[in-house]
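Enquirer: 3D model of this:
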Amino acid sequence: MRPLLTSGNDEEAVLDQGKTSSTLHTNFEKEELESHRAVYVGVHVPLGRQSRRRHRHRGHRHHRKRRERSEEREDGRDSPSYDTPSQRVQFILGTEDDDEEHIPHDLFTELDELSCRDGHEQEWRETARWLKFEEDVEDGGERWSKPYVATLSLHSLFELRSCILNGTVLLDMRASSIDEIADMVIDSMLASGQLDEGVRQKVREAMLKRHHHQNEKKLSNRIPLVRSFADIGKKHSDPHLLERNAGLLASPQSAPCNLDNSKSSESRMNGGGGSRENSTVDFSKVTPPSLVQLYILPHSVDMNFMKKIPPGAEASNVLVGEVDFLERPIIAFIRLSPAVLLSGLTEVPVPTRFLFLMLGPFGKGGQYHEIGRSIATLMTDEVFHDVAYKAKDRVDLLSGIDEFLDQVTVLPPGEWDPTIRIEPPKSVPSQEKRKTPSLANGSAHNADLTKEEEHQAGPELQRTGRMFGGLVKDVRRKLPFLWSDIRDAVSLQCLASVLFLYCACMSPVITFGGLLGEATKGNISAIESLFGASLTGVAYSVFAGQPLTILGSTGPVLVFEKILFKFCSDYGLSYLSLRTSIGLWTAFLCLVLVATDASSLVCYITRFTEEAFAALICIIFIYEALEKLFDLGEHYPINMNNNLDNLTFYTCQCAQPTNASAEVQKIWSERNLSAESIPWSQLDVKECKGLQGEFVGSACSHGGPFIPDVLFWSIILFFTTFFLSAFLKQFKTKRYFPTKVRSTISDFAIFLTIMIMVLIDYLVGVPSPKLNVPDRFEPTSKATRGWLISPLGSNPWWTLLAAAVPALLCTILIFMDQQITAVIINRKENRLKKGCGYHLDLLVVAVMLGVCSLMGLPWFVAATVLSISHVNSLKLESGCAAPGEQPKFLGIREQRVTGFMIFILMGCSVFMTSALKFIPMPVLYGVFLYMGVSSLKGIQLFDRIKLFGMPAKHQPDLIYLRYVPLWKVHISMQLYLYIFISFFYKLVRHMFLYF
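Expert: Modelled structure (predicted):
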């Protein structure tokens with residue numbers, strides 16, 4: 001295959017020995033290059049190791065002369081000698097420029113090819129574009145392809161290098177229009193002998209031809225008919241208006257057509273038609289109606305694609321084409337300084353920084369196209385992109401290409417089909433290793449090993465040595481963010497989080513209150529639990545250092561309440577008064593911990609402890625959700641001995657109890673009833689249970705009549721809620737509907753799931769168990785207690801002092817629950833920017849614990865699973881993602897409003913019983929299951945458990961598997977699992993946690 005570009009000695013220009021790292025060990029001859037087969041290269045896979053051997057030149061003297069000339073810098077800089085292209089590139093990227101013109105920006109690259117439409121005038125037609133991955137105009141010319149990883153011909157990369165070496169390179173050109181750029185490029189080509197004077201005008205006309213973009217025809221079809229008629233009169237003043245919206249894309253290898261068109265060319269040059277298409281737009285000077293407004297009208301610019309371009313991005317235009325007046329290709333690489341907005345040159349209104357021009361004779365359109373794709377792909381490469389911005393001369397650009405060739409991976413042509421488009425990867429490896437030099441001992445490479453994040457790195461966990469020193473620092477740290485904590489909540493995502501967490505928090509609070517009412521015989525029940533959760537949660541959301549933490553009821557508190565009530569019953573003490581004393585002592589001890597900066601001990605909580613605690617809570621959350629579903633089988637049992645032939649004989653009636661106890665007879669006497677006066681067979685289920693009657697008959701269970709289908713329907717509701725929640729939450733990554741719709745559905749996934757399941761349950765009509773919310777705001781046992789409890793009451797005076805002993809145990813329990821959950825929320829993986837406040841969090845919890853004790857309300861502390869779910873619901877992802885690129889995780893929407901609104905709504909639930917009574921309990925259990933499963937994501941424990949049954953060849957490419965033997969990983973995980981299962985067994989066995 002004959003090389004495309006020659007200058008002077010053909011052999012010298014093509015072979016270019018000694019410049020490319022891939023030819024360090026072999027001298028290619030002309031015949032070898034001509035018979036070179038196209039091999040495709042995967043661009044985004046960096047090579048792990050670089051060669052450090054220097055190439056020794058052999059052969060002719062002109063090789064040495066060219067090497068000496070290439071090392072002479074045009075700006076007079078000394079050229080340091082480096083062994084590899086990587087080192088040369090690292091030197092280039094390490095230079096600092098005083099001006100801002102060489103600061104790299106994000107690039108949008110567009111490939112335009114010169115083609116003619118139906119034998120008419122040639123024009124530049126857009127055939128491909130790059131933001132990060134390549135998108136091609138499909139053969140039909142009607143749509144863009146899916147983004148894919150560019151695969152390049154190795155030969156086209158060598159040809160591109162030869163083009164940069166022998167073509168025209170103009171860096172930091174100062175031009176204000178495409179006309180000036182064309183004149184300066186042509187003058188440079190004439191001066192270097194690359195172009196003949198006789199074709200100057202034709203080259204200029206080719207460069208100034210109008211540009212037709214893919215979105216123009218598609219968007220023009222959306223213009224209303226009335227508008228099209230209104231614009232008819234304007235077509236006489238713009239003879240090229242029809243051309244912008246007509247025709248399909250011609251093949252890259254188009255047939256020769258008329259290039260002169262002197263009349264149209266002259267009209268564009270003299271009459272302003274061309275300058276209007278390719279003129280510079282100065283935003284500071286134009287006024288409406290201006291070219292800027294015309295450019296950014298919806299019918300001119302694809303605004304959906306414009307949203308994907310990062311702010312401050314610049315354009316790189318690649319122009320390749322075939323003409324009939326050239327005998328050999330001409331090439332130019334231009335970098336503008338500053339970037340110039342050339343309207344009509346690109347499909348989006350971004351300033352142009354780079355231009356690559358290649359015009360050549362007919363017959364090699366395919367090669368021109370591949371060279372254009374090569375330079376466009378190079379401009380999307382992170383390293384070459386920076387080199388192009390900072391290059392001082394041609395040699396720097398060549399070094400960038402050489403370094404790129406060092407990093408690519410070659411795929412053999414017989415083992416890969418180049419027509420297959422490679423899907424973009426979910427995550428692209430960092431290219432920082434290519435930019436920074438590695439040390440001789442390899443420490444830079446080993447630094448890439450991920451280490452466990454240490455919590456003591458932050459200033460919030462350092463001891464101050466002063467009373468309340470840590471608390472003062474927390475207040476000073478969080479106070480400047482007070483207004484932003486409110487302003488940042490203005491988002492639909494926060495509304496979705498409020499609705500989701502409200503439903504998720506309601507059920508465990510009410511369930512906990514019911515269990516507490518059974519354990520304390522009504523002293524503290526559901527209404528106290530609801531009021532306490534609302535009061536504590538609102539105060540914590542307003543004053544805490546980390547408002548993303550959600551407070552809730554925990555199992556250890558329930559166990560403590562059971563033990564304390566039994567102790568008071570056995571020794572004749574007032575339960576509420578002794579509980580108040582213990583609560584006040586616990587609050588005091590927590591304040592002592594705040595004063596002494598005891599929260600700094602959190603730095604000793606390792607990742608092992610965090611993950612063990614989080615995994616334990618998640619598993620128990622899942623266990624409790626399933627257990628509550630199984631408990632429904634006891635309340636709604638299945639009649640296992642049905643005989644379909646005897647269904648008409650199945651009955652269940654209420655009957656008088658055989659042996660009525662004294663308590664039952666007391667209930668009758670209070671209602672002025674006797675066993676003989678009660679019409680037992682005519683009572684309904686509720687009346688029969690109220691009078692302590694017995695159910696008899698073949699259709700009765702121990703708790704009443706068999707209710708058909710309730711258990712099976714509850715199971716359907718439970719698992720449907722779980723799977724539908726997971727599906728809708730992942731809807732953001734689906735292919736259906738626009739991005740905004742998918743994002744909104746994903747944010748409101750849990751709320752939508754609950755609404756859908758409530759509607760289905762209402763339409764089906766099966767009497768599934770519903771959420772039971774108290775409908776009156778008053779103490780459960782208003783005859784024996786009020787809203788204020790005395791610490792002493794009827795108890796002896798020494799109980800005030802003795803309460804300090806159990807308070808010490810409660811303090812340890814509260815401190816560990818609160819701080820471990822806070823550590824999990826404040827992980828560096830969450831990228832929190834407003835800091836944390838361990839001391840301030842503990843202070844708020846301590847104060848509210850004392851308030852709840854005085855009011856006879858349950859104690860609340862940080863709930864791990866609810867807090868993790870809250871954080872997950874507020875994750876922020878980049879909205880400006882290139883086509884094919886996965887959205888990047890930006891952090892968490894840190895604010896105080898969601899927690900505040902969740903607990904305000906919880907306090908108002910007493911007045912919303914008419915709506916809340918339609919929510920089935922199995923639906924809430926399904927939400928619990930989803931929260932437990934979703935919270936397991938990101939816990940390394942379960943990632944390592946998956947390795948047990950996975951062959952080595954199918955294991956993920958985890959960094960620790962590269963350096964740690966697999967048997968060591970399995971041994972550590974067996975120890976991990978043994979400890980984990982032991983704790984889980986003990987907690988479940990003793991009913992230690994209730995949610």
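Enquirer: every contact and neighbour count from this point should use C-alpha atoms.
Expert: Fine.
Enquirer: go through stretch 782-800 and flag the buried ones.
Expert: Within stretch 782-800, the residues scored as buried using 16 or more other C-alpha atoms under 10 Å are 789, 790, 791, 792, 795, 799, 800.
Enquirer: show me which of those residues is closest to residue 519.
Expert: residue 789 (18.9 Å; C-alpha to C-alpha).
Enquirer: so the closest one, which state does it fall into?
Expert: coil (DSSP: H, G, I helix; E, B strand; the rest coil).
Enquirer: mind listing what it touches?
Expert: Residues in contact with residue 789 (C-alpha atoms under 8 Å, 6 or more residues apart in numbering) are 576, 577, 580, 853, 854, 855, 856.
Enquirer: mind listing which of the residues you listed are in helices?
Expert: Secondary structure from DSSP state H places 576, 577, 580, 853, 854, 855 of those in helices.
Enquirer: which of those residues sit farthest apart?
Expert: 577 and 855 (10.4 Å).
Enquirer: can you redo the buried residues of stretch 782-800 as JSON lines with pLDDT and distance to residue 862?
Expert: Listed next are these as JSON lines, based on pLDDT from 0 to 100; distance: C-alpha to C-alpha, whole Å:
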{"residue": "789", "pLDDT": "81", "distance to residue 862": "25"}
{"residue": "790", "pLDDT": "82", "distance to residue 862": "27"}
{"residue": "791", "pLDDT": "81", "distance to residue 862": "25"}
{"residue": "792", "pLDDT": "78", "distance to residue 862": "29"}
{"residue": "795", "pLDDT": "78", "distance to residue 862": "31"}
{"residue": "799", "pLDDT": "81", "distance to residue 862": "29"}
{"residue": "800", "pLDDT": "84", "distance to residue 862": "27"}
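Enquirer: and which of those is nearest residue 914?
Expert: Among these, residue 789 lies closest to residue 914 (C-alpha to C-alpha), at 31.7 Å.
Enquirer: how is this protein divided into domains?
Expert: The chain resolves into domains spanning 107-433, 459-634+713-880+889-989, 673-706 when parsed by automatic domain parsing.
Enquirer: which residue comes closest to residue 517 once chain neighbours are left out?
Expert: Leaving aside its chain neighbours, residue 517 sits nearest to residue 525 (4.1 Å; criterion: C-alpha to C-alpha, 6 or more residues apart in numbering).
Enquirer: how much space between that neighbour and residue 852?
Expert: 14 Å (C-alpha to C-alpha, to the nearest Å).
Enquirer: next one: residue 470
Expert: From residue 470 to residue 852 the distance is 25 Å (C-alpha to C-alpha).
Enquirer: do the same with residue 201
Expert: For residue 201, the distance to residue 852 - C-alpha to C-alpha - is 88 Å.
Enquirer: neighbour count: those two, which is higher?
Expert: residue 852 (26 against 13; other C-alpha atoms under 10 Å).
Enquirer: quick check: the more buried one touching residue 845?
Expert: No: using C-alpha atoms under 8 Å, residue 852 is not in contact with residue 845, being 10.3 Å away.
Enquirer: could you list the low-pLDDT ranges of the stretch 701-850 of the chain?
Expert: Scanning the stretch 701-850 of the chain for pLDDT under 70 picks out the ranges 702-704, 783.
Enquirer: now the strands for it?
Expert: 704-705 (DSSP state E, counting those that start in this stretch).
Enquirer: tell me where it has helices.
Expert: Ranges of helices in the stretch 701-850 of the chain, per DSSP state H, counting those that start in this stretch, are 710-729, 739-747, 749-764, 799-802, 804-825, 838-855.
Enquirer: same for the last one, what does it pack against?
Expert: If I follow you right, that is helix 838-855. Under the contact definition 3 or more C-alpha pairs under 8 Å, 6 or more residues apart in numbering; DSSP states H and E, helix 838-855 sits against helix 469-478, helix 526-543, helix 575-595, helix 804-825.
Enquirer: neighbours around the residue nearest to residue 517, how many?
Expert: 26.
Enquirer: you'd agree it is up against residue 511?
Expert: No: using C-alpha under 8 Å, residue 525 is not in contact with residue 511, being 9.4 Å away.
Enquirer: where does the stretch 851-995 of the chain have low pLDDT?
Expert: Looking at the stretch 851-995 of the chain by pLDDT under 70, you get 879-882, 884, 938, 953, 957, 980, 983-995.
Enquirer: and with 90 instead?
Expert: Residue ranges of the stretch 851-995 of the chain with pLDDT under 90: 852-895, 899, 903, 905-995.
Enquirer: then the stretch 1-150 of the chain?
Expert: 1-107, 114-127, 130-150.
Enquirer: please name every helix or strand in contact with the helix or strand harbouring residue 564.
Expert: Here residue 564, judged by DSSP states H and E, is contained in helix 555-571. Helices and strands touching helix 555-571, by 3+ C-alpha pairs under 8 Å, 6+ apart, are helix 492-520, helix 575-595.
Enquirer: about what we covered before: neighbour count for residue 577 and residue 855, which is higher?
Expert: For residue 577 versus residue 855, neighbours defined as other C-alpha under 10 Å are more numerous around residue 577 (22 against 19).
Enquirer: spatially, what comes nearest to that one if we skip its sequence neighbours?
Expert: In space, residue 577 is closest to residue 791, 4.7 Å off (C-alpha to C-alpha, 6+ apart).
Enquirer: so who does residue 530 touch?
Expert: Applying C-alpha under 8 Å, 6+ apart, the residues near residue 530 are 509, 510, 513, 906, 907.
Enquirer: look up how far residue 796 lies from the fourth one.
Expert: Right, the one you point to is residue 906. Taken as C-alpha to C-alpha, the span from residue 906 to residue 796 is 37 Å.
Enquirer: quick one on the thing from earlier: and the helices and strands packed on helix 555-571: which comes nearest residue 626?
Expert: Closest among the helices and strands packed on helix 555-571, using C-alpha to C-alpha: helix 492-520, at 14.0 Å.
Enquirer: model confidence over that closest one, on average?
Expert: On average, the pLDDT along helix 492-520 is 78.
Enquirer: quick one, that helix and helix 555-571 angle?
Expert: With axes from the mean of the first three to the mean of the last three C-alpha atoms, to 10 degrees defining the directions, helix 492-520 sits at 20 degrees from helix 555-571.
Enquirer: next, the buried residues of helix 492-520.
Expert: Buried positions in helix 492-520, judged by neighbour count with 16+ other C-alpha under 10 Å: 493-517, 519-520.
Enquirer: and stretch 618-633, by the same measure?
Expert: 618, 619, 620, 621, 622, 623, 624, 625, 626, 629, 632.
Enquirer: so which of those residues sit within helices?
Expert: 618, 619, 620, 621, 622, 623, 624, 625, 626, 629, 632.
Enquirer: so the second one touches residue 930, yeah?
Expert: No: contact criterion C-alpha under 8 Å: residue 619 and residue 930 do not qualify, at 11.4 Å.
Enquirer: okay, the residue of the chain positioned farthest from its centre and residue 575: tell me how far apart.
Expert: Within the chain, the residue lying farthest from the chain centre (C-alpha atoms, centre = their mean) is residue 676, at 70.5 Å. According to C-alpha to C-alpha, residue 676 and residue 575 sit 41 Å apart.
Enquirer: do residue 765 as well
Expert: Residue 765 is 44 Å from residue 575, where distance means C-alpha to C-alpha.
Enquirer: re earlier: ok, which of the helices of the stretch 701-850 of the chain comes nearest residue 361?
Expert: The nearest among the helices of the stretch 701-850 of the chain, by C-alpha to C-alpha, is helix 739-747 at 44.3 Å.
Enquirer: got a list of contacts for the closest one?
Expert: 492-493, 496-497, 728-734, 736, 752, 873.
Enquirer: closest to residue 390 out of those residues?
Expert: Closest to residue 390, out of all of the contacts of helix 739-747 and judged by C-alpha to C-alpha, is residue 733, at 37.2 Å.
Enquirer: returning to what we had before: closest to residue 748 among the buried residues of stretch 782-800?
Expert: residue 789 (41.6 Å).
Enquirer: distance of the closest one from residue 850?
Expert: 11 Å.
Enquirer: and for these two, which residues touch both?
Expert: residue 580.
Enquirer: tell me how far the helix or strand where residue 158 lies is from the chain's mean position?
Expert: Element membership for residue 158 (DSSP H and E) is helix 154-166. Once both centres are worked out by C-alpha atoms, centre = their mean, to the nearest Å, helix 154-166 turns out to sit 39 Å from its chain's centre.
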